[in-house]
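Engineer: attaching a predicted model along with its sequence, questions to come.
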Amino acid sequence: MQSTALEKQLNFLREIDRLKSVVRQSPLLDKSRKENSAEHSWHLAMYALLLSEYASGPVDTNRVLRMLLIHDIVEIDVGDFPIHGGSSAELQAEQEATAAARLFGLLPQQQGDELLALWQEFERAESEDAKFAKALDRFQPLLINVVTGGGTWTENGVSLEQVFSRYGPVIKRGAPLLWSVCEKWVTQHFAAGQV
């Protein structure tokens, strides 16, 4: 018996509820607990809604919102790969691509294909929309680390140079003005000896 489009969509929505259980390294700003990947995705969508004027080029905010809402859905299958975790980028990309095919494949074909293509566009980070989305995906955890007095940087012994090399190019490429703010925050943070 073939599933209807609605049954497939509802099945996908039930499946992505699991994103709420994927715990990230970043804490909430009040440090009460670690955020989950669903919260991270929602928060990034709000960043896009409010900060799109700082993109390096013209962006379609609706597309950026959609990218950010789906960008970490693959973590349902593979978990979170923290930027400081030292995992293999190739292995991560392979595992995430497999997860994306499975998860978006739960949807009716046209809808699944559209979301998979949007996810792939985010991963390539070549379009203005994707460059900005990627920049926000780096900006939010940087802000969290600064506000929480070091957060995952302290936990992982991250240096000023590592922050500049890991966050800088991606944020600067997609949102140069946001990177100029980040440079000041990070420099002040490390100068104060907080990490």
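Structural biologist: Looks like it arrived, so ask away. Remember, predicted model here, so these are calculated numbers, not experimental data. Residues are numbered from 1 along each chain as shown.

Engineer: how about the helices in the chain?
Structural biologist: In the chain, helices defined by DSSP state H lie at 5-16, 37-51, 61-70, 75-78, 89-104, 109-124, 128-147, 151-156, 160-174, 176-191, listed in chain order.

Engineer: how far away is Leu6 from Leu103?
Structural biologist: Taking CB to CB, to the nearest Å as the measure, Leu6 and Leu103 are separated by 18 Å. Backbone N, C-alpha and C define where each C-beta goes, glycine included.

Engineer: of the two, who's got more company?
Structural biologist: With neighbours defined as other CB atoms under 10 Å, Leu6 and Leu103 compare such that Leu103 has more, 23 against 9.

Engineer: if I pick that one, what's in contact with it?
Structural biologist: If you count contacts by CB atoms under 8 Å, 6 or more residues apart in numbering, Leu103 has them with Phe12, Glu15, Ile16, Ile73, Val74, Ile76, Asp77.

Engineer: pLDDT at the fifth one, what is it?
Structural biologist: When you say that, I think you mean Val74. As summarised for this prediction, Val74 has a pLDDT of 97.

Engineer: just the second one next, same as before
Structural biologist: Per-residue pLDDT puts Glu15 at 98.

Engineer: count the neighbours of the nearest residue to Pro141 once chain neighbours are set aside for me.
Structural biologist: With CB to CB, 6 or more residues apart in numbering as the measure, Ser26 is the residue that lies nearest to Pro141, at 5.0 Å, once sequence neighbours are left out. Here the count is done by other CB under 10 Å, and Ser26 has 23 residues near it.
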